[in-house]
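Enquirer: let's see this in three dimensions:
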Amino acid sequence: MIQPRRAGVVFLMVLLSVMTYIDRIIITIAGPGIIKEYSISETQMGTVYSAYLFSYAIMMIPSGWFTDAAGPRISLATMAFGSALFTALTALGGSPGLGTYVGIVTSFLIIRLAMGVAASPVYPAAGRMSANWNPPHTRARVWGWIASGAGFGGATTPLLFSWMRAHYGWRGSFWVAGAGSAVLALIWYWYVRDYPPDETTAHARGARTPTPWKELFTNRDLMLLTAGYVTANYFEYIFFFWLYYYFGEIRKMGAGQSAIYTTLMWIAWILFTPTGGWASDRLGSRYGLRNGRRIVVIGCMAISAVLVIIGTNVTGTAATVALLCLSLGFAAATDAPYWAAAIDASGKYSGTGGAIFNTGGNIGGMLAPTLTPLLAHWFGWSSGLYFGGAVVFLGIMVWFFLTPQGTPRRIVEAAG
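Expert: Now for the predicted structure:
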């Protein structure tokens with residue numbers, strides 16, 4: 001039967017999303033120990049952290065093209081095996097190891113740059129796989145679960161890595177994480193095919209057509225959605241990079257409390273991403289897919305912007321934490337309808353289209369860590385968060401200019 005097989009494919013994509021975030025951020029947990037062991041500066045370690053995001057963003061669109069050319073099964077398998085390899089090799093970044101020959105910081109930079117390249121196909125390929133296996137009216141809820149996997153990885157990595165480090169040391173922990181990723185890669189490659197069994201033969205007979213780059217970059221809906229996703233990611237990345245600091249240094253909540261409250265942020269992400277996808281599909285079945293997604297994005301982003309303003313002005317600890325975590329949660333609820341709409345807008349080139357879309361999101365994500373503290377320095381931390389709320393309202397506006405449902409797909413498929 002197709003349905004259990006489809007559920008298995010979705011479940012494995014969720015696990016790949018979890019794996020990607022574990023492999024992505026365990027370096028930040030190991031970072032303090034690496035800084036002390038090799039006497040490198042916090043700025044140098046920050047450069048190592050950023051190296052992954054840089055190559056990940058640069059290679060996003062080429063990876064999307066590779067996904068459409070080779071198929072999402074091969075693309076995600078390559079991603080998982082590559083992530084496994086470079087996660088494990090991170091253990092050799094110091095001295096003894098590659099650092100002996102090229103320098104400690106340079107060795108970690110090389111490995112993390114390679115890691116970003118390997119990981120770059122994950123979400124464009126997941127988008128293409130979702131388009132292949134899931135009908136349009138279920139794609140938002142499916143993406144909600146995939147996005148929640150990222151939150152689960154972010155929430156569990158500090159505890160998981162702390163346990164592994166106590167048992168195996170920081171180097172051994174990278175080997176263990178890499179081995180786990182390799183096992184998941186093997187399971188994915190063995191179990192999954194590009195299309196459901198009853199569609200595989202038909203698609204195998206179809207001729208491969210060139211990627212319609214001009215049509216994708218001039219696709220009005222895809223460009224509008226990409227612009228909106230820039231604002232959504234800008235807002236969310238404020239929380240990812242600065243909420244712990246805001247709780248501890250600005251609100252003076254203490255390191256232990258700040259860690260717990262930051263974990264609550266990830267829990268909000270885990271809960272709200274599938275909820276937003278489910279709500280989008282339910283509303284879509286009643287009012288049309290485009291309207292269902294529009295309602296969720298506009299409503300949730302508006303609520304998140306209001307909550308961040310209120311949360312920065314209340315004085316009680318519990319109220320501040322609850323309001324800011326809910327603010328991120330409502331923003332997270334828009335991730336699934338955003339991706340579902342981008343997949344639809346890209347038609348049969350959802351790997352490349354999803355990569356273009358996600359590149360926009362990464363641009364927003366890269367701006368937030370730098371621009372927020374600059375605004376805080378000039379105008380205070382509340383203003384830095386207010387600006388994030390204002391950016392959200394700009395993103396809301398794009399949803400009023402999308403063309404009627406179905407038009408983007410016809411444009412892109414006609415080009416093929």
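
Enquirer: only C-alpha atoms for contact and neighbour calcs from this point on.
Expert: Will do.

Enquirer: those helices in the stretch 101-250 of the chain, which residues are they?
Expert: With DSSP state H, counting those that start in this stretch as the definition, the stretch 101-250 of the chain shows helices at residue ranges 104-119, 122-133, 139-191, 197-205, 213-217, 220-245.

Enquirer: and the second one, what's its mean pLDDT?
Expert: Yep, that's helix 122-133 we're talking about. Across helix 122-133, pLDDT averages out at 94.

Enquirer: against which helices or strands is it packed?
Expert: Contact here means 3 or more CA pairs under 8 Å, 6 or more residues apart in numbering; DSSP states H and E; on that basis helix 122-133 packs against helix 2-38, helix 60-70, helix 72-89, helix 139-191, helix 335-346, helix 350-379.

Enquirer: quick one, which of these is nearest to residue 242?
Expert: Using CA to CA as the measure, helix 350-379 is the one of these that comes nearest residue 242, at 7.3 Å.

Enquirer: can I get the helix or strand that comes right after that closest one as PDB, trimmed to CA atoms?
Expert: Past helix 350-379, heading to the C-terminal end, the next element that is a helix or strand (DSSP states H and E) is helix 381-397. The C-alpha atoms that make up helix 381-397 are tabulated as PDB, following Å, rounded to 0.1, in the frame of the first residue of the first chain:
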ATOM      1  CA  TRP A 381      17.900  46.000  22.800                       C
ATOM      2  CA  SER A 382      14.200  46.700  22.800                       C
ATOM      3  CA  SER A 383      14.700  48.600  19.500                       C
ATOM      4  CA  GLY A 384      16.600  45.700  18.000                       C
ATOM      5  CA  LEU A 385      13.700  43.400  18.700                       C
ATOM      6  CA  TYR A 386      11.100  46.000  17.600                       C
ATOM      7  CA  PHE A 387      12.900  46.200  14.300                       C
ATOM      8  CA  GLY A 388      12.500  42.500  13.900                       C
ATOM      9  CA  GLY A 389       8.700  42.900  14.400                       C
ATOM     10  CA  ALA A 390       8.700  45.700  11.800                       C
ATOM     11  CA  VAL A 391      10.500  43.500   9.300                       C
ATOM     12  CA  VAL A 392       7.800  40.800   9.900                       C
ATOM     13  CA  PHE A 393       5.100  43.200   8.800                       C
ATOM     14  CA  LEU A 394       6.900  43.900   5.600                       C
ATOM     15  CA  GLY A 395       6.900  40.100   5.000                       C
ATOM     16  CA  ILE A 396       3.200  39.900   5.600                       C
ATOM     17  CA  MET A 397       2.600  42.300   2.700                       C
END
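
Enquirer: and the contacts of helix 381-397?
Expert: Contacting residues not belonging to helix 381-397 are listed as 227-232, 234-235, 238, 250, 297-298, 301-302, 304-306, 308-309, 312, 372-376 [CA atoms under 8 Å, 6 or more residues apart in numbering].

Enquirer: now that helix, how far from the chain's geometric center?
Expert: The offset between the C-alpha centroid of helix 381-397 and the centroid of the whole chain comes to 20 Å, using CA atoms, centre = their mean, to the nearest Å.

Enquirer: quick one, it and helix 220-245 angle?
Expert: Between the direction of helix 381-397 and that of helix 220-245, the angle (axes from the mean of the first three to the mean of the last three CA atoms, to 10 degrees) works out to 160 degrees.

Enquirer: tell me the buried residues in stretch 389-400?
Expert: Using 16 or more other CA atoms under 10 Å as the test for burial, stretch 389-400 gives 389, 390, 391, 392, 393, 395, 396, 398, 399.

Enquirer: kindly apply the preceding question to stretch 40-57 instead.
Expert: Buried residues in stretch 40-57, counted by 16+ other CA under 10 Å: 45, 48, 49, 50, 51, 52, 53, 54, 55, 56, 57.

Enquirer: just the ones of those residues in helices?
Expert: Cross-referencing the buried residues of stretch 40-57 with the helices (criterion: DSSP state H) gives 45, 48, 49, 50, 51, 52, 53, 54, 55, 56, 57 as the overlap.

Enquirer: for residue 252, give me its contacts.
Expert: When contacts are counted by CA under 8 Å, 6+ apart, residue 252 is found next to no other residue.

Enquirer: before we move on, what SS does it have?
Expert: Using DSSP: H, G, I helix; E, B strand; the rest coil as the criterion, the local structure at residue 252 reads coil.

Enquirer: got phi/psi on it?
Expert: phi 60, psi 50 (degrees, to the nearest 10).

Enquirer: now do residue 314 against residue 320, distance only.
Expert: Between residue 314 and residue 320 the distance is 6 Å, computed by CA to CA, to the nearest Å.

Enquirer: these two: which is more packed in?
Expert: The neighbour count for residue 314 versus residue 320, taken as other CA atoms under 10 Å, is higher for residue 320 (20 against 13).

Enquirer: and that one, what pLDDT?
Expert: Model confidence at residue 320, given as pLDDT, is 87.
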